[in-house]
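1. Please work out how this folds:
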Amino acid sequence: MPDPISRRRFLGMAAGLSMALTDTGLTAASVSRQRWTATGAATPTSAPFDHAMQRFMQQHAVRAGSLSVLKDGRTVVHRAYTWAAADYAVTRPASLFRIASCSKAFTCAAITRLLAGGRLSRHDAVFPLLGITSPAFSQQSPDPRINAITVQDLVNHAGGWNDHGQVTALDGTVIPSSGFDPVFRIREIAHALGLAVPPTKRQLAEYMYGEPLQFAPGTQDYTSTHGASYSNFGYVLLGLVVEHVTGRSYPGYVRDAILVPLGIHDVYLAHTARERRLPGEVTYDDPGHGLSALRPASSRAVPAAYGGGDFLTETMDAGGGLAMTSFALARFIHTYAVWGLGRRSTAAGTWQWARAGSMPGTTSLAVSRSNGIDYAYVFNSRTFPPDALNRLDATLDRLTNALR
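-> Numbering: from 1, shown residues only. Predicted coordinates for the structure are as follows:
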């Protein structure tokens with residue numbers, strides 16, 4: 001089975017925002033003061049991977065990164081890297097990174113678990129299940145198809161929302177764009193609801209219940225539209241489904257039902273505010289600034305990675321709000337599918353599945369391959385030229401193909 005779309009395209013779609021290609025502000029003088037550090041167990045096998053990561057990070061002024069590679073479930077590489085001035089905190093294998101849309105794989109695992117236990121059906125209509133039957137305010141007019149959206153539709157990005165550009169699907173259907181990704185429009189929704197604080201996930205769902213759909217639920221999905229009909233919000237809804245069915249918080253259920261049985265303990269809900277970083281979490285580099293999603297009434301600009309990108313990791317938990325080590329991500333996808341529902345594929349033949357994430361201050365990638373390889377990397381930046389990640393991915397593919 002091929003991956004449903006190129007990994008570079010995943011990154012473009014994962015956050016619903018275009019890549020920031022502005023300069024990081026690193027000068028020739030500051031480069032001369034940079035120090036390269038690699039931590040974790042160094043082996044002859046890890047050396048070429050170290051070289052690939054060093055070249056990428058130094059070329060693109062990335063200060064923190066981590067890479068983990070597993071072969072048939074055994075750790076081959078678990079390394080962390082720093083390219084920064086001497087006073088910058090050294091990145092460790094235990095350092096935590098936001099993983100953006102790679103969080104969606106954990107949501108699929110939670111849904112998989114609930115389906116297997118008979119607590120949920122793929123065909124369950126989501127809004128009726130959640131008890132959402134009316135829009136957030138009277139001026140909204142719900143799409144007559146809104147109650148037809150199912151759990152499986154949301155998994156497939158087929159709920160009816162297209163928050164990217166207009167696209168022609170494989171069947172010739174032209175799908176318009178809403179131009180509106182609610183996960184990245186927190187301030188606008190807060191203002192529409194008359195809130196002085198950010199909307200809750202439930203309020204976000206009630207608001208979107210009254211917004212139009214771009215296509216009939218279930219008629220188009222991520223693959224059939226070449227990755228264009230993508231919905232971060234659909235995964236926020238899936239997180240609400242998990243909470244409704246289990247009576248647990250989304251992070252709590254994922255931790256206890258999915259991760260603890262695998263011996264994975266370093267996965268957390270990230271916090272948006274810089275001062276609320278998790279112990280051991282890296283800082284995030286992004287040149288952007290914007291008005292704060294944490295304080296919708298404020299007119300003060302803040303860094304994009306810490307609320308100025310108009311998103312909240314707490315709100316987008318199931319769609320892009322988790323933080324973890326690269327090893328936790330690689331270890332997780334050795335058991336559960338990196339894309340879609342179910343466990344890791346055991347299909348014969350040559351195949352690869354991948355999922356990537358991107359938002360201000362974050363780049364992540366998780367890959368499972370038919371040769372028994374699972375690998376993941378994370379960086380604390382996303383300000384790369386368009387083809388840089390393609391080249392890195394090609395190098396990592398070559399290196400993992402050579403593993404025995």
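
2. And the helices in the stretch 1-150 of the chain?
-> Assignment of helices within the stretch 1-150 of the chain using DSSP state H, counting those that start in this stretch yields the ranges 7-14, 28-31, 46-59, 103-116, 126-130.

3. which one of these lies closest to Arg277?
-> Each of those was checked against Arg277 via CB to CB, and the shortest separation belongs to helix 103-116, namely 17.1 Å. Heads up, the C-betas are built off the backbone N, CA and C, glycines and all.

4. neighbouring contacts of that closest one?
-> Contacting residues not belonging to helix 103-116 are listed as 120-122, 151, 155, 235, 238-239, 241-242, 245-246, 250, 253-254, 257-258, 267, 316-322, 332-333, 336-343, 355, 357, 366 [CB atoms under 8 Å, 6 or more residues apart in numbering].

5. 6 Å - rerun?
-> Among residues not part of helix 103-116, those counted as contacts by CB atoms under 6 Å, 6 or more residues apart in numbering are 120, 235, 238, 242, 245, 254, 257-258, 318, 320-322, 336, 338, 341-342, 355.

6. what's the answer for stretch 342-355, then?
-> When contacts are taken as CB under 6 Å, 6+ apart, the neighbours of stretch 342-355 outside the stretch itself are 1, 3, 7, 102, 105, 112, 335-336, 338-339, 366-370.

7. I'd like to know how far the spatially most central residue of the chain sits from Tyr88.
-> Geometric centre of the chain, nearest residue: Ser101, 1.1 Å, by CA atoms, centre = their mean. If you measure Ser101 against Tyr88 using CB to CB, to the nearest Å, the figure is 27 Å.

8. low pLDDT regions in the stretch 151-300 of the chain?
-> Under the criterion of pLDDT under 70, the regions of the stretch 151-300 of the chain flagged as low confidence span 165, 177-178, 224-228.

9. Tell me where it has strands.
-> Under the criterion DSSP state E, counting those that start in this stretch, the stretch 151-300 of the chain carries strands at the ranges 167-168, 174-175, 267-269, 289-291.

10. name the helices or strands packed onto the first one?
-> To tie it back to what came earlier, the one meant is strand 167-168. In terms of contacts (3 or more CB pairs under 6 Å, 6 or more residues apart in numbering; DSSP states H and E), strand 167-168 is not packed against any helix or strand.

11. if you count residues, which strand in this structure comes out on top?
-> For the chain, the longest strand by residue count, based on DSSP state E, is strand 74-84.

12. Identify all contacting residues around that strand.
-> Outside of strand 74-84, the residues within contact range by CB under 6 Å, 6+ apart are 34, 36-40, 45-46, 49, 53, 57-58, 63-69, 90-93, 95, 327.

13. Drop anything exposed from those residues.
-> Taking 16 or more other CB atoms under 10 Å as the criterion, what is buried in these is 34, 38-40, 46, 49, 53, 57, 63-69, 91-93, 95, 327.

14. Sort out which of those residues are in strands and list them.
-> Among the buried ones among the contacts of strand 74-84, the subset assigned to strands under DSSP E consists of Ala38, Thr39, Ala64, Gly65, Ser66, Leu67, Ser68, Val69.

15. Drop anything exposed from the contacts of helix 103-116.
-> Among these, those scoring as buried are 120, 235, 238, 242, 245, 254, 257-258, 318, 320-322, 336, 338, 341, 355 (criterion: 16+ other CB under 10 Å).

16. Closest to Gly73 out of those residues?
-> Checking the buried ones among the contacts of helix 103-116 against Gly73 by CB to CB gives Tyr336 as the nearest, at 12.9 Å.

17. quick one: the residue nearest to that closest one when sequence neighbours are not counted from Ala376, how far?
-> When the adjacent residues along the chain are set aside, Tyr336 lies closest to Ala109, with 4.2 Å between them (CB to CB, 6 or more residues apart in numbering). Per CB to CB, Ala109 is found 15 Å from Ala376.

18. neighbour-wise, which of those two wins?
-> In terms of neighbours (other CB atoms under 10 Å), Ala376 is the more surrounded of Ala109 and Ala376; the figures are 28 against 23.

19. Could you report the pLDDT at the closest residue to Thr37 other than its chain neighbours?
-> Nearest in space to Thr37, with sequence neighbours left out and distances taken as CB to CB, 6+ apart, is Thr82 at 4.3 Å. The per-residue pLDDT reported for Thr82 equals 98.

20. Can you spell out the domain ranges of this structure, please?
-> Domains of the chain are assigned by automatic domain parsing as 25-95, 124-223.

21. Contacts only, for the closest residue to Tyr207 other than its chain neighbours.
-> Counting by CB to CB, 6+ apart, Ala136 is the residue found nearest to Tyr207 once chain neighbours are left out, at 4.4 Å. Remark: with contacts taken as CB under 6 Å, 6+ apart, Ala136 is in contact with Leu193, Glu206, Tyr207, Gly210.

22. what does Asn156 give?
-> Neighbouring residues of Asn156 by CB under 6 Å, 6+ apart: Asp221.

23. ok, it to Thr45 distance?
-> Between Asn156 and Thr45 the distance, using CB to CB, works out to 37 Å.

24. ditto for Gly218
-> Taking CB to CB as the measure, Gly218 falls 45 Å from Thr45.

25. tell me the most buried of the strands of the stretch 151-300 of the chain?
-> Taking mean count of other CB atoms under 10 Å as the contact definition, the stretch among the strands of the stretch 151-300 of the chain with the greatest mean neighbour count is strand 267-269, which reaches a mean of 20.

26. Run through who's touching it.
-> If you take CB under 6 Å, 6+ apart as the criterion, strand 267-269 is touched by Pro251, Leu259, Leu278, Asp317, Gly321, Ala323, Met324, Ala328.

27. any idea which of the residues you listed is closest to Ala293?
-> Taking CB to CB as the measure, Gly321 is the one of the contacts of strand 267-269 closest to Ala293, at 12.6 Å.

28. Among the contacts of stretch 342-355, list the two that are farthest apart in space.
-> Largest separation among the contacts of stretch 342-355 by CB to CB: Arg7 and Thr112, giving 22.5 Å.

29. What about the contacts of helix 103-116, which are in helices?
-> Using DSSP state H, the subset of those located in helices is Tyr235, Leu238, Val242, Val245, Ala318, Gly320.

30. so which pair among the residues you listed is furthest apart in space?
-> Pairwise over the ones in helices among the contacts of helix 103-116, using CB to CB, the maximum falls at Val245 and Gly320, 21.2 Å.
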